[in-house]
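Enquirer: After the sequence you'll find the predicted model.
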Amino acid sequence: GAVVSQHPSWVICKSGTSVKIECRSLDFQATTMFWYRQFPKQSLMLMATSNEGSKATYEQGVEKDKFLINHASLTLSTLTVTSAHPEDSSFYICSARDGSRPTFDTQYFGPGTRLTVL
Amino acid sequence: QKEVEQDPGPLSVPEGAIVSLNCTYSNSAFQYFMWYRQYSRKGPELLMYTYSSGNKEDGRFTAQVDKSSKYISLFIRDSQPSDSATYLCAAQRGTGGGNKLTFGTGTQLKVEL
């Protein structure tokens, strides 16, 4: 159990276009989802936290108008990179927290989406 | 200063060796400590988590936390080539939807035949 999927797994786009990445919890309801960014050989940097039905909370330095996050249901969150530029090229990973677990609400990570902007 | 510090490696060991991976942290408010394994181009996978100080064992893996010295360790016994991956330590202040994970940079481990 506790599977998180991401789609697409990789995407190549032209500079100036927008890209949407989906994150789904397949067998549990995710009260909270997180979006991370990871550069090569670096750690995960939290971009934003989203709760179902409310606005996402962005970390300092993350442009909310560039990285649009929607958490429309308890199993789906989307990240849209608007007007993407080459510096947005990165590995984007989502995680979901299973709020039903009584003892420790661990985060389950998706497999990641590799974005390359030409 | 980063809240969670981790030597990036790479660390190379022969098959069967005992591996010791370590992190230090600076925030006294951290109560939960996790170890994740990440294979190349994949998302992190939770290996173990520990609450407060103490040891926790799961098969070949042992996690240790010493809150007095703010030191986190992961030991891997009888290491296998399949253990080759990046190991990320992480810490969290508490439970609840808003609590965030703070990651170390990850240590790249290679177990050689």
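Expert: Sure thing, it's come through.
Enquirer: How about residues contacting the lowest-mean-pLDDT helix or strand in chain B?
Expert: Ranking every helix and strand in chain B by mean pLDDT, DSSP states H and E puts strand B:45-51 at the bottom, with a mean of 89. Under the contact criterion C-beta atoms under 8 Å, 6 or more residues apart in numbering or on different chains, strand B:45-51 has outside partners A:104, A:106-109, B:31-39, B:56, B:58, B:61, B:63-65, B:74, B:87. Every C-beta, even on glycine, is put in place using the N, C-alpha and C of the backbone.
Enquirer: Stretch B:71-83 now?
Expert: Here stretch B:71-83 makes contact (C-beta under 8 Å, 6+ apart) with B:13, B:15-25, B:33, B:35, B:47-48, B:60-66, B:87, B:89, B:91, B:109, B:111-113.
Enquirer: Can you list the helices and strands that the worst-scoring helix or strand of chain A on mean pLDDT packs against?
Expert: Here the helix or strand of chain A ranked lowest by mean pLDDT, DSSP H and E is strand A:107-109, holding a mean of 87. Helices and strands touching strand A:107-109, by 3 or more C-beta pairs under 8 Å, 6 or more residues apart in numbering or on different chains; DSSP states H and E, are strand A:90-98, strand B:45-51.
Enquirer: right, and the helix or strand after the last one?
Expert: Read it as strand B:45-51. Remark: after strand B:45-51, the chain's next helix or strand is strand B:54-58, criterion DSSP states H and E.
Enquirer: Would you mind giving the secondary structure of A:Glu87?
Expert: Classification of A:Glu87 by DSSP: H, G, I helix; E, B strand; the rest coil places it in helix.
Enquirer: Residue numbers of chain A in contact with chain B?
Expert: A:4, A:6, A:31-32, A:34, A:41-44, A:46, A:49, A:51, A:57, A:91, A:93, A:95, A:97, A:99, A:104-112, A:114 (C-beta under 8 Å from any C-beta of the partner chain).
Enquirer: redo that, cut-off 7 Å
Expert: Neighbours of chain B within chain A, by C-beta under 7 Å from any C-beta of the partner chain: A:31-32, A:42-44, A:46, A:49, A:51, A:93, A:97, A:99, A:104-107, A:109-112, A:114.
Enquirer: So which of the contacts of stretch B:71-83 belong to strands?
Expert: Mapping the contacts of stretch B:71-83 onto strands (DSSP state E) picks out B:13, B:19-25, B:33, B:35, B:47-48, B:61-66, B:87, B:89, B:91, B:109, B:111-112.
Enquirer: Any of the residues you listed buried? List them.
Expert: Neighbour counting with 16 or more other C-beta atoms under 10 Å in any protein chain shown marks B:13, B:19, B:21-25, B:33, B:35, B:47-48, B:61-65, B:87, B:89, B:91, B:109, B:111 as buried within the ones in strands among the contacts of stretch B:71-83.
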